[in-house]
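Student: All I have is the shape, not the residue letters:
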């Protein structure tokens, strides 16, 4: 079956929803792309950004996406910026149903403000950065097959909404 691809900003719930879905869809495997990249390279995303830069990271991310987009029965949590390359959106849609997990920038900030592993937020005003990134990326996220608004929903409700839309996709 086609892959389920979760996109959206950091803090949108992609990894948590992906794990929840993989507990429901037992014939699917869950992949968190950022975690897979860290495992393969042996360093954190923050270190990759610091030592090699964002462009290098985005190239690695695209290579991983190429690998996974040829497989089936995957639930893939992508990095928030993956959509900024149009080739990546094409890869996602080639063998996947693309979901945009959305929330307002203020809520995203509240969800992640205590995390320390987000390289794009290691700046004096991270809330403004989230707003800027969301404004820049939202037009790409909107190319998704479905938007799931995550505000005021439990992770179980989000997973069930994704599952329902996925099962009705193409009907």
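Tutor: Thanks, I have it. Every value quoted in this text rests on a predicted model; they were computed, and no experiment measured them. Residues are numbered from 1 along each chain as shown.
Student: so what pLDDT did residue 171 get?
Tutor: In the prediction, the pLDDT value recorded for residue 171 is 69.
Student: cool, residue 121 as well?
Tutor: pLDDT, residue 121: 63.
Student: can you map out the helices along this structure?
Tutor: 14-24, 33-41, 45-52, 54-69, 86-94, 105-112, 126-141, 155-168 (DSSP state H).
Student: what's the angle from the first one to helix 155-168?
Tutor: Computed by axes from the mean of the first three to the mean of the last three C-alpha atoms, to 10 degrees, the angle separating helix 14-24 from helix 155-168 equals 70 degrees.
Student: mean confidence score for helix 14-24?
Tutor: Averaging pLDDT residue by residue across helix 14-24 gives 96.
Student: between that helix and helix 33-41, how many degrees?
Tutor: Using the same axes, to 10 degrees, helix 14-24 lies at 90 degrees relative to helix 33-41.
Student: and if you look at the fifth one?
Tutor: Taking the same axes, to 10 degrees, helix 86-94 and helix 33-41 form an angle of 110 degrees between their directions.
Student: Select, out of the helices of the chain, the one closest to residue 80.
Tutor: helix 126-141 (7.1 Å; C-beta to C-beta). C-beta: built from backbone N, CA, C; applies to glycine.
Student: For that closest one, give me every contacting residue.
Tutor: By C-beta atoms under 8 Å, 6 or more residues apart in numbering, the residues outside helix 126-141 that reach it are 7-11, 80-81, 83-84, 86, 89, 100, 102, 105-106, 108-109, 113, 118, 120-121, 123, 147.
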